[in-house]
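Student: okay, structure incoming, though there's no sequence with it:
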């Protein structure tokens, strides 16, 4: 079975540009999570969905960040406009069971904003 | 306010010896704990978990110990192998009904 798929794996963009990160969760998983990893803050939860519905977006840093899940097999995280401090690795994860149990992570997207 | 803390950013151990990674938590409501392992350029992968009804859980070379009174858990790897070199994240939740809260990770280097 394919795991969680993320694209692109690397993204380099200039400040002010729009960035869209994509995620395909594991089929049948009801929960989808977006995380951001930085040296300073570690792995922090940005937003999560249950059955395609956003449940908690309190981790989204600013209004520049938005996430959607139009169907069970696809989600996007958008940053508009991007800033250098958004540079990080962004992970998508999905879970079949429940919120606080084992999650399956994608390989991540390394974002660099210059 | 970090609810899950991994105070050692890095650890270096010789091959064949025991690796002990530590994790402390502040929220007494946490009752389910997990360890994840992360290699460079890959996502974290689940390693082992423990529920608060237990104080120990073992899976091959990996054992997690939980001390609820001290709000402390540890991951033991015996014997350590070079392939264990990775970043290890501790995570916690409340009865599986809240999102996982992760520590910042500990980088383990196993030296041959």
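Tutor: Sure, I can see it. Here the structure is a predicted model, which is why all the values come from computation and not from measurement.

Student: is it true that residue A:93 touches residue A:104?
Tutor: Yes - look at residue A:93 against residue A:104 with CB atoms under 8 Å: they come within range, at 6.1 Å. C-betas here are computed from N, CA, C, even on glycine.

Student: any common contacting residues for the two?
Tutor: Residues touching both residue A:93 and residue A:104 (CB atoms under 8 Å, 6 or more residues apart in numbering or on different chains): residue A:4.

Student: quick one: check stretch B:103-112 for contact with chain A.
Tutor: Yes - with CB under 8 Å from any CB of the partner chain as the measure, stretch B:103-112 is seen reaching chain A through B:103, B:104, B:105.

Student: ok, these vs residue A:42, which is closest?
Tutor: The closest of the residues of stretch B:103-112 next to chain A to residue A:42 turns out to be residue B:104 (CB to CB; 3.5 Å).

Student: give me the pLDDT value at residue A:100.
Tutor: pLDDT, residue A:100: 69.

Student: wait, which of the residues of stretch B:103-112 next to chain A is closest to residue B:10?
Tutor: So of those, ranked by how close each gets to residue B:10 (CB to CB), first place is residue B:105, at 9.5 Å.

Student: thought residue B:87 was touching the closest one, still the case?
Tutor: Yes - with contact defined as CB under 8 Å, residue B:105 and residue B:87 form a contacting pair (4.5 Å).

Student: between these two, which has more neighbouring residues?
Tutor: Ranked by neighbour count (other CB atoms under 10 Å in any protein chain shown), residue B:105 and residue B:87 place residue B:105 first, with 24 against 20.

Student: quick one: that one from residue B:7, how far?
Tutor: Relative to residue B:7, residue B:105 is positioned 11 Å away (CB to CB, to the nearest Å).

Student: cool, and residue B:69?
Tutor: With distances taken as CB to CB, residue B:69 is found 19 Å from residue B:7.

Student: which of those two has more neighbours?
Tutor: residue B:7 (10 against 5).

Student: correct me, but the more buried one touches residue B:21?
Tutor: No - using CB under 8 Å as the test, residue B:7 is too far from residue B:21 to be in contact (10.5 Å).

Student: who's in contact with residue A:56?
Tutor: Residue A:56 is in contact with A:47, A:48, B:99, counting by CB under 8 Å, 6+ apart.

Student: try residue B:22
Tutor: B:6, B:7, B:8, B:72, B:73, B:74, B:106.
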